[in-house]
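J.: I'd like to go over a predicted model; first the sequence, then the structure.
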Amino acid sequence: MKAPKFSYTRATSVEHALELLDTHGDGGRILAGGQSLMPTLNMRLSQPDMLIDINGLDDLKGISLDGDTVCIGALTRHVEVMNSDIVAEHLPLIAEAMPYVAHVAIRNRGTIGGSVALADPAAEMPACILALGATLVVQGSAGKREIPVEEFFHGLFETARADNELLVEIRIPSQKGDKVSVFLELARRHGDFAIAGIAAYGSVSGDTVTDMRLVYFASEDKPTIGANASAALNGKNWSDETKEAVNTALESDLEPMANLHGSAAMKMHLQKVLTGRAMDTAVVRASGAGGAA
Amino acid sequence: MGFIHPYERPNSYIGRTLPRSRAMRAVAGRGRYTDDITLPRTLHAAFVRSPYAHAKILNIETAAAKAADGVKLVMTGAELAEMCTGPWVGTLTVFDKMKAEPQYPMAVDRACWHGEAVVMVVAETRAQAEDAGELVTIDYEELPVVIRKEKAILPDSPVIHPNLGDNIAWEKTLGTGDVDKAFAEADHVLEETFEFGRHTAVSLEPRIVLADYDPGTEHLTIHTSSQCPHMIETVFARTLGVPEHKVRIIAPDVGGSFGLKIHTFGDEVAATAAAIKLARPVKFVADRLESFVSDIHARENRVHAKIGVMNDGTLVAAEIDDLSGVGAYSQFPRTSVFEANQILHITFGPYKHKNYRAKATVAYLNAVPTSQYRAVGHPIGITVAEHMMDWAADVTGLDPFDIRRKNVMEDDSYPQIIGSGLPMKDLSHQACLEKLFGLMNYEELRAEQAEFRKKGIYRGIGLASFIKGTAPSPVGFYGAGGARIAAQDATTVKLEPAGGVIVALGVTDQGQGVDTVMEQIAAAAIGCSMDMVRAISGDTDATPYGGGTYASRATAIGGEATYQAALDLRREILHMAGILLQTDAEELDIVDGNVVDFGSTEARIPLSEIGRIGHFQLGELPNDYQPILSHTRRYRLQDSPYIYTNGIHGAYVEVDVDTGWIKHLKHWVVEDCGRIINPQLADEQIRGGCVQGLGGALYEHCIYDDAGQLQNGTMADYVTPMAYEMPDIEVGHVETPTSESELGAKGAGESGTGAAPGVMMNAVNDAIKGLTSGRVTEQPIAPEVVLKALGKI
Ligand SMILES: Cc1cc2nc3c(=O)[nH]c(=O)nc-3n(C[C@H](O)[C@H](O)[C@H](O)COP(=O)(O)OP(=O)(O)OC[C@H]3O[C@@H](n4cnc5c(N)ncnc54)[C@H](O)[C@@H]3O)c2cc1C
């Protein structure tokens, strides 16, 4: 299919992009990597009047370290995040998750900002930044504001970003040396969106788990902290008994959405299996046997 | 002195791996597909398709669309029907009492499936045509939807086509022996019901036509991605009332077809009608979204199976009851009941049992029409039979290899008639079985499996024996069944003035290398080098009328025609050389493009001289001798309905018993396609076929909701196999040339597809054996299916 008619402007500055967003209101749409937007245009699922191309905005690109915070520009490509030494060293959770994001060709164009702004419930990056407690920096013509990640994701493709705001940066606290992280997902084929997934970040000392944040994605309408499951886990030794308690608690955290690849019951089952496997791995990693990541 | 079969000569091109002649240009990005061709003043067609599975068309408003930018024509189904000589009726007389509703290329007063074309818009660009399509308003009145085959056949079901009385397209039973008695006497009787999910071909290059009508000469030229250019020529000519000899079909490179491109599609006929009406070229490319709702689907079946087995593992009786859910119409001209018919005939086909009963019921549904797709019916019949055989092995305590060793027809027992009544000959089940046993390193593999199990890793080994019908004869279905589909094929082999050889084929090349195979056969038969031979295919103006490529027939049928035509030319060359050299032709031979004395390699006269003299210097020949340097031979099967082939697959998988995910570790195939012309191309046919079969086994599924809406008609939702998930596939062959032809080649194109789903199901069940009383009996084997069999959800 061919996309319906639209106008296109290549923004020359962040201010220019914001001005265009203000002018076109609902009809304006930011074009980042285009890996999600272009298919919806070609399938005539969305019909924006104006595409505002931000690919020329170098200010929005790049990965840097600001004290204990890793700052990733919204326009940074998935491949750059994947290959970044800073990310490998300070954000092993994201480094572990990145190979699961789509395929090489898509990672070459797709951006982390696009992924986060789009808020696909099965996407990896939203779950990872929720596990790590990131801050999202959005900018409108009135200026910048910072949104804690816990308040950012509202539901299916819904976020706290206003229509006339641009996501400019993702600020992620460096992972602490005494904590471990684990990323796991299940997808029908390598590179597909996940059917169930978990991003976990916290401490394990000896066998005792503390401060563990379990984030679930793909089964819910947005990346979701398993608050009850985390509560059932923290302060405990990781054992069969704890596993069972966590699994029971998880049932009150999640309300899996059925889709073509699985029923709600199956997704709940899978999230429990992944929780067990993630914690098994976390314990191994904390003991040093499984390497730093 | 005399004749040595070309395949018996040292270094023969027959039996040699050579690269495909079109490969270099394809990898260089210079493939020439229909969409690469643009004629001056080409217009583009797009279709407005029914959003409903079943609805009456009350009114169509086209004024706004007609007034839109670039629009040249807006045509409704009713207007198109007026340009047609009549509707299609998808029946064949061989399918006794089959019923089918007449069908026009686009919906006329009723849409019968979600995606049926209702209005065509033709404009200067595809985007303009799509924009204008959005301006067409159609008032529909929704009608009751029939979408579940089990309900469609009940007396209280709404009827899709009232003229037919009910939704049953066809019913058929066949069999031999006393099945009931055998069941009563059997030590074990096993029964199971299997579900197979509908899927579709998903060729990389979608369907496409570029139609061009010249009102001056009244010639119609259609470029199209087709496997059967001559059949399409006939269908389009007769549907649109253009004399057949004034229609030319050109199928340039074809980017995958798998049976999809042997059918007639209404949107392609509509675009061609527009080209005639507007006297301008019109192109229509099915985009990926409309492909899902307009390409044929296949294999929506529920099969109940029952077998009787003795304690020693002897299979004494088998029975199947198949229910097929086809689409809203029977696909013209091959029908939509072929799949069911194949299932009846081939299920339990490798085995000796003499008591067999099979029943098929084919139900119409408000869904995309189904029809032939690679290995028609075989994946279903083979899965059912092979599952039952493994289960019988389990019950009788035999190894899966041993139960097959016990029951397959012996290699020295042919000819034989199997339970369904089909004649079998030249098969090699035993040899294939033993070869696979060795290839798999079976005993070690079993030991490895046991070791892994101790560690909580669940691996499974599957086997699936099969027969595969290839290269149908004209007395079976086509031709005899009333359809104008050639089951014979023809090749013209010509000697050119410079000594080059042109081989013009009725069969076609879709990337599998048919052209190259035919060049090998011709070069071997004549005695010249490959680079002196060029095949032409896919152009009805340049090739003799033939059936094209379907049912694994190109090499088996077209190959023999090529072989015989090339031998004719060779005889002519020798005859002419005999006159020129004043030697008895019997004393001469052709080696490396030179006529030589038999047994020598020293050139006496090169083919370039034969060509030159034969075309220009006829004065050097006697007046009463006119050399014929162009020979056409046709070939058809005579004695058998098909050339049956056989083989066996093996699979090794690992099942994650907590999640239901399957990792396919290794796949093996040993098959017997008779004489192999090009080993690498044969192997790759098997491998590609396997992957296609595994797609249906593990991933592919056209999912309809109760309202008849296709739920997953995009590449994001319809899951196809990709390289990452596919295992290494090791291929072995047993070569038993068919006695039907001199060349001895059988079909190879579908043997990978037929048994891959069955071997996968068996391997998965082997992996979870003992963990549960449940077994996987459903395809695709999605993780949820495995978890359910394990009782985990
Ligand atoms: C076959 C395929 C498989 C895929 N698999 C995965 C997968 O497994 N996991 C995964 O996470 N993703 C997957 N994706 C999606 C891919 O990662 C996308 O690149 C990503 O989701 C969007 O990034 P983009 O830069 O391409 O955004 P675009 O497509 O350009 O934009 C997406 C949306 O975000 C908005 N947007 C983009 N940037 C900004 C910004 N800075 N501020 C405000 N709004 C903005 C756009 O307006 C648009 O609405 C897949 C895509 C494809 C085609």
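T.: Now that the structure is in, tell me what you want to look at. The structure displayed is predicted, hence computed values, not measured ones. Numbering: from 1, shown residues only, chains lettered A, B, ... in the order given.

J.: show me where chain A has strands.
T.: Along chain A, the segments classed as strands by DSSP state E run A:7-10, A:28-31, A:50-53, A:63-66, A:69-73, A:135-140, A:143-148, A:153-155, A:158-159, A:166-173, A:180-186, A:196-205, A:208-217, A:224-225.

J.: in its sheet, what does the last one sit against?
T.: Based on DSSP bridges, the pairing partners of strand A:224-225 within the sheet are strand A:208-217 (antiparallel).

J.: do the strand it pairs with and the ligand meet at all?
T.: No: among the residues of strand A:208-217, none lie within reach of the ligand under Cβ under 6 Å from any ligand atom; the closest is 9.4 Å away. For every residue, glycine as well, the C-beta is placed using N, CA and C.

J.: List the buried residues for that strand?
T.: A:209, A:212, A:213, A:214, A:215, A:216, A:217 (16 or more other Cβ atoms under 10 Å in any protein chain shown).

J.: just to revisit the earlier point, out of the strands of chain A, which is closest to residue B:601?
T.: Counting by Cβ to Cβ, residue B:601 lies closest to strand A:180-186 out of the strands of chain A; the figure is 64.5 Å.

J.: who touches that closest one?
T.: A:92-93, A:96-97, A:100, A:124, A:128, A:131-132, A:175, A:194-204, A:217-218, A:270, A:274, A:277-279, A:281-282, A:285-286, A:293, B:659, B:661, B:783 (Cβ atoms under 8 Å, 6 or more residues apart in numbering or on different chains).

J.: Of these, which qualify as buried by neighbour count?
T.: Buried residues within these, defined by neighbour count using 16+ other Cβ under 10 Å: A:92-93, A:96-97, A:100, A:124, A:128, A:131-132, A:175, A:194-204, A:217-218, A:270, A:274, A:278-279, A:281-282, A:285-286, B:659, B:661, B:783.

J.: Just the buried residues of the longest helix seen in chain B, please?
T.: Using DSSP state H to define each element, chain B has its longest helix at helix B:559-581. For helix B:559-581, the neighbour count (16+ other Cβ under 10 Å) marks B:559-570, B:572-574, B:576-581 as buried.

J.: ok, now stretch B:524-532?
T.: For stretch B:524-532, the buried set under the neighbour-count rule, 16+ other Cβ under 10 Å, comprises B:524, B:525, B:526, B:527, B:528, B:530, B:532.

J.: Nearest residue to the fifth one in space, ignoring adjacent ones along the chain?
T.: Looking back up the chat, that one is residue B:528. Here the nearest residue to residue B:528 in space, its sequence neighbours aside, is residue B:593; by Cβ to Cβ, 6 or more residues apart in numbering or on different chains that works out to 4.0 Å.

J.: The one you found: neighbouring residues, count only.
T.: 21 (other Cβ atoms under 10 Å in any protein chain shown).

J.: Residue B:184 now?
T.: Burial measure for residue B:184: 11 neighbouring residues, criterion other Cβ under 10 Å.

J.: Which phi and psi values does it adopt?
T.: Here is the backbone geometry of residue B:184 (degrees, to the nearest 10): phi -60, psi -30.

J.: Now the closest residue to the ligand within chain B. Its backbone dihedrals?
T.: When Cβ to the nearest ligand atom is the measure, chain B has its nearest residue to the ligand at residue B:716, with 6.5 Å between them. The phi and psi values for residue B:716, taken as degrees, to the nearest 10, are phi -80, psi -30.

J.: For it, list the residues it contacts.
T.: A:39, A:193.

J.: 10 Å instead?
T.: Taking Cβ atoms under 10 Å, 6 or more residues apart in numbering or on different chains as the contact definition, residue B:716 lies against A:39, A:43, A:192, A:193.

J.: Who wins on neighbours among the residues you listed?
T.: In terms of neighbours by other Cβ under 10 Å, the contacts of residue B:716 top out with residue A:193 at 21 neighbours.

J.: That residue against residue A:123, yeah?
T.: Yes: using Cβ atoms under 10 Å, residue A:193 is in contact with residue A:123, at 7.1 Å.
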